[in-house]
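Engineer: Curious how this folds, go ahead:
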Amino acid sequence: MNLSAATPAGVVIADNRGVGTIINDDAPLSFDKSANKGSVDAGDNTAVYRIEVENVSAVTVTVELDDTVDGEFIVSLADSTGGTGTLNWSAGAGTTVSWDGTLAPGENLVILINGFFDFSTVPPPCGRTVYNDGVSLSGDGITVPTGSNLAGIDLPPCVLAAPVAPVPDSSDDIVLPKRPSPTATAKPSATPTATKTKTPTATKTPTATRTKTPAPTATETATAKPSATATAKPSATARRNRAQRQRRNQARQRRE
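Structural biologist: Sure thing, here's the model as predicted:
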């Protein structure tokens, strides 16, 4: 750069030459991301995200792009057209789709990401807009802003369902303190008053009364009258024998 001064008159420039460097730090790429629909629900749960990158510079640009999809969007397919590079992706929720390669001046790169939202989960996806804004892009090492061109997909409103009994999990259960049960206070009982007990009166023991035994009634018994029995008169021999026995008995008695 050379400087000169015609006016005002008399001005002298001591050094009229300077050297400067212009840095080309303008982003060489343009970026756009859109969705094929504005909302999904249980009856229509599929969606497609479209990413477009264009080389707006006059030279070939090295491109590095990574897109980590929303955790509730399940990737089923990814494809790309344009540019010279490699597309990497895997199926599933929270998948990162990446592309590394080069774009010639004016060349476009288009990436389509197909997927769906799983409404069979508990709870199902609901109540928000999925922007899928996890995109990072650079061209020749220069970061390209991507956050202002994102189209979102609205999820259906959340519907309150009947409460489900929780399943105990010993690993992370939160035990709530139990409300203390009221303690029953014992009421003082009345002191029992001694009751005068009536002493039982001795019962007079009955005296045995002598019972007169009835005299036996004499029963008249017929007495047989002895009949006259004829007595035989002893013979003379019998009389002698009896007299002898009497004498012997008398003699024995005297000896004694």
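
Engineer: Pretty sure residue 117 sits against residue 71.
Structural biologist: No: in this structure residue 117 lies outside contact range of residue 71 using C-beta atoms under 8 Å: 10.8 Å. The way it works is simple: take the backbone N, C-alpha and C, and place the C-beta from them, glycine included.

Engineer: Tell me what residue 68 is bridged to.
Structural biologist: For residue 68, the beta-bridge partners are residue 96, residue 134 (DSSP bridges).

Engineer: wait, it sits on residue 93?
Structural biologist: No: at 10.8 Å, residue 68 and residue 93 do not qualify as touching, with contact defined as C-beta under 8 Å.

Engineer: List the beta-bridge partners for the residue lying closest to residue 37 once chain neighbours are set aside.
Structural biologist: Spatially, and ignoring its direct neighbours in sequence, residue 37 is nearest to residue 47 (5.9 Å; C-beta to C-beta, 6 or more residues apart in numbering). In this entry, residue 47 is beta-bridged to residue 115, by DSSP bridges.

Engineer: And residue 117 and residue 71? Which one has more around it.
Structural biologist: residue 117 (24 against 12; other C-beta atoms under 10 Å).

Engineer: From residue 32, how far out is residue 54?
Structural biologist: Going from residue 54 to residue 32 by C-beta to C-beta, to the nearest Å gives 8 Å.

Engineer: Can you name every helix or strand that the helix or strand containing residue 63 contacts?
Structural biologist: Assigned by DSSP states H and E, residue 63 falls within strand 61-68. On a contact count with 3 or more C-beta pairs under 8 Å, 6 or more residues apart in numbering; DSSP states H and E, strand 61-68 meets strand 46-55, strand 96-103, strand 108-117, strand 134-139.
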